[in-house]
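J.: Show me how the following folds:
(one chain, ligands or ions: 1)
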Amino acid sequence: MSARRPNIVMILTDDHAAQAISSYGSVVNRTPRIDEIGQLGWRFENCFATNALCSPSRASILTGTYSHVNGVTTLVTPIDASQPTFVSQLKAAGYKTAMIGRWHMGDGDGHDPQGFDYWDVILEQGEYWNPVFLNPDGKRVVEGYATDVFTDLAIDWVESLEGDDPWCVLLYHKAPHRPWEPHPRHQHLYTDPIPVPDTFDDDYATRSSSTRRALLRLADNLNVEDLKRTPPVGLSYEELALWKYQRYMEDYLRCVEAVDENVGRVIDWLRERGEFDDTLLMYASDQGFFLGEHGWFDKRMMFEESLRMPMLLSYPNAVKGGRVHSGIVTNVDFAQTILEAAGVESHPRMQGRSFWGDLTGVDPEPPAEGMYYRYWEHDDIFHHAPAHYGYRTDRYKLIYYYNDGMGLPGTGAFVYPGEWELYDLVADPAELRNVADDPAYSEIRARLTEAMLREQERLGDSPHPSQFEGTAASGAEAHAAG
Ligand code: CA
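T.: I've put the predicted structure just below:
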């Protein structure tokens, strides 16, 4: 064990699904450099986002708190950047700290990064080409491809440091976020037909109406800007879905290719500096993404592909390599874990569970029994994804869609009642059969509801009033009725 405090590099991508990482079993691409982190350290099999959306996940990672505590519940609720974060804790303990790339929690007015010695971030969604950066000196355009440019800037900042203080850099990529614009050097890749996932033709037979209403369908909801060309005429619905899937995946995977290369650049650079073994290097995505599963693209929903964050971590001087962590961890846990690895105090406000002890074997905290989820951004005009909360254990997933704001004005009546879904992840890992109203699962559902409410209360959140109005109907009932 090194006496020196580790340097810290957190590489965070935007919308990179675990299914598009080879060490997570990808059948569509290879990511040797990202995999290398897991080979030299740990790969996390069950790391989940507590609110599977860009800005909220970023805020949870940084502050170590849930959305209802840090206030970043949706894409339109910017961060109060004066909140304590793991970075402000590191800085107070003598670390040099920097934030490079996609901040995406608001601009100006107290929303710009705080607690960093240096920050240089793209505005709002930002561009894949010649991105506009904002730093304390103002705005400027940096020519080049975003994934390459961000990596350059992060490396340049570390290279500019003098003295022996440990440093922490957050390298937050835009890729592979919509609209998926790859670099021409990868244009030749993935031209062969890309296999579709098993659940591509999901018929939604037992799901809630909330799930069925979401506009996340490849065939219906990917537009010409996403696809960069007009689909051929005369295709059937099934043919159109396949055509769009291929086009979408080509660009998505090409964007991932540049990420993998740039992760490799960081690894090689750390090695050249002789600092790889002494660095806590993390790779994660702010949440997962649907790559055609259930006929969907995008995220938001509590289904596995969206909920799961790929996460790999290495720090050879402190933890052994080639390991897989299968317990439940979340984005809220990152802050305290990083701080413990660095030997720096957590902030008392932080709500996570440090999993550092799981990796070192030294005083591990009791394992998490489940994870609490809440997607707050209800029914936005582009995706119509319903707000919901839920609870996932190693075996089951319970979800409540409360359909807030879908009432008839002035009547207090809900057009769409609250709805439940329950999945048995062992019997039905693809989440195709909602068993919320299956009598065989009634006891399990009651137990999970209780566990969810307990966890919700422990975290200082509260249930939606509709949950207790007796209006809750299952997917099957709502389907029959409507
Ligand atoms: Ca995202």
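J.: Run through the residues that contact K244.
T.: By C-beta atoms under 8 Å, 6 or more residues apart in numbering, the contact list for K244 reads 218-219, 222, 227, 231. C-betas here are computed from N, CA, C, even on glycine.
J.: Identify the single longest helix in this structure, thanks.
T.: Using DSSP state H, we find that the single longest helix of the chain is helix 237-272.
J.: can you tell me the helix or strand for L339?
T.: helix 334-342 (DSSP states H and E).
J.: and that helix, what does it pack onto?
T.: If contacts are counted by 3 or more C-beta pairs under 8 Å, 6 or more residues apart in numbering; DSSP states H and E, helix 334-342 sits against strand 7-13, helix 54-63, helix 86-92, strand 279-285, helix 356-360.
J.: what about those, which gets the closest to A175?
T.: Ranking those by proximity to A175 (C-beta to C-beta) places strand 7-13 first, at 6.1 Å.
J.: after the closest one, next one along is what?
T.: helix 32-40.
J.: and that following helix, which residues are buried?
T.: 33-38, 40 (16 or more other C-beta atoms under 10 Å).
J.: can you list the residues that contact that helix?
T.: Counting by C-beta under 8 Å, 6+ apart, 21-23, 43, 259-261, 263-264, 267, 281-283, 310, 312-314, 316, 321-322, 324 sit against helix 32-40.
J.: Now do the helix or strand just after it: everything it contacts.
T.: Counting by DSSP H and E, the element after helix 32-40 in chain order, helix or strand, is strand 42-44. For strand 42-44, contacts defined as C-beta under 8 Å, 6+ apart pick out 23-24, 37, 309-314, 319, 321, 323-325, 329, 359.
J.: how about a cut-off of 6 Å?
T.: Strand 42-44 is touched from outside by 23, 311-313, 323-325, 359, with contacts defined as C-beta atoms under 6 Å, 6 or more residues apart in numbering.
J.: with those in mind, which one is nearest to the ion?
T.: Nearest to the ion among those: M311, at 14.1 Å, using C-beta to the ion.
J.: ok so, going back, let me know which of the helices and strands packed on helix 334-342 is the nearest to the ion.
T.: Nearest to the ion among these is helix 54-63 (3.5 Å), distances taken as C-beta to the ion.
J.: just the buried members of the contacts of strand 42-44?
T.: Counted by 16+ other C-beta under 10 Å, those give 23, 311-313, 325, 359 as buried.
J.: Find the pair from the residues you listed with maximum spatial separation.
T.: S23 and L359 (16.9 Å).
J.: got the contacts of strand 42-44 as TSV, with secondary structure, pLDDT and distance to D437 columns?
T.: Listed next are those as TSV, based on DSSP: H, G, I helix; E, B strand; the rest coil; pLDDT from 0 to 100; distance: C-beta to C-beta, whole Å:
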residue	secondary structure	pLDDT	distance to D437
S23	helix	98	38
M311	strand	98	34
L312	strand	98	39
L313	strand	98	40
R323	strand	98	40
V324	strand	98	35
H325	strand	98	34
L359	helix	98	41
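J.: pLDDT at S474, what is it?
T.: Here, the pLDDT recorded for S474 equals 42.
J.: Reformat the helices and strands packed on helix 334-342 as TSV; add distance to the ion.
T.: Formatted as TSV, the helices and strands packed on helix 334-342 follow (distance: least, C-beta to the ion, whole Å):
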stretch	distance to the ion
strand 7-13	8
helix 54-63	4
helix 86-92	19
strand 279-285	7
helix 356-360	25
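J.: Tell me which of these lies nearest to L75.
T.: Set against L75 and scored by C-beta to C-beta, the helices and strands packed on helix 334-342 come closest in helix 54-63, at 5.3 Å.
J.: what packs against the very next helix or strand once past the closest one?
T.: Going down the chain from helix 54-63, the next helix or strand is helix 67-70, by DSSP H and E. With contacts taken as 3 or more C-beta pairs under 6 Å, 6 or more residues apart in numbering; DSSP states H and E, helix 67-70 sits against helix 54-63.
J.: Just the C-alphas of the helix it packs on, formatted as PDB.
T.: Output of helix 54-63 as PDB, limited to C-alpha atoms (Å, rounded to 0.1, in the frame of the first residue of the first chain):
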ATOM      1  CA  CYS A  54     -27.700  13.100 -17.600                       C
ATOM      2  CA  SER A  55     -27.800  16.100 -15.200                       C
ATOM      3  CA  PRO A  56     -29.300  14.300 -12.200                       C
ATOM      4  CA  SER A  57     -26.800  11.500 -12.400                       C
ATOM      5  CA  ARG A  58     -23.900  14.000 -12.600                       C
ATOM      6  CA  ALA A  59     -25.200  15.900  -9.600                       C
ATOM      7  CA  SER A  60     -25.500  12.600  -7.600                       C
ATOM      8  CA  ILE A  61     -22.000  11.600  -8.500                       C
ATOM      9  CA  LEU A  62     -20.500  14.900  -7.500                       C
ATOM     10  CA  THR A  63     -22.500  15.500  -4.300                       C
END
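J.: contacts for that helix?
T.: The contact list for helix 54-63 (C-beta under 6 Å, 6+ apart) reads 14, 49-50, 67, 70, 72, 75, 79, 83, 85, 104-105, 286-287, 331-332, 334.
J.: Strand 7-13 and that helix, what's the angle between them?
T.: Angle, helix 54-63 to strand 7-13, by axes from the mean of the first three to the mean of the last three C-alpha atoms, to 10 degrees: 170 degrees.
J.: pLDDT (mean, whole number) over helix 54-63?
T.: 98.
J.: ok, is the longest helix of the chain in contact with the ion or not?
T.: No: for a cut-off given as C-beta under 5 Å from the ion, helix 237-272 has no contacts with the ion; the smallest distance is 12.8 Å.
J.: and this protein, which residues reach the ion?
T.: Contact residues (C-beta under 5 Å from the ion) of the chain with the ion: 14-15, 54, 286.
J.: List only buried entries from these.
T.: Buried subset of the residues of the chain next to the ion (neighbour count, 16+ other C-beta under 10 Å): 14-15, 54, 286.
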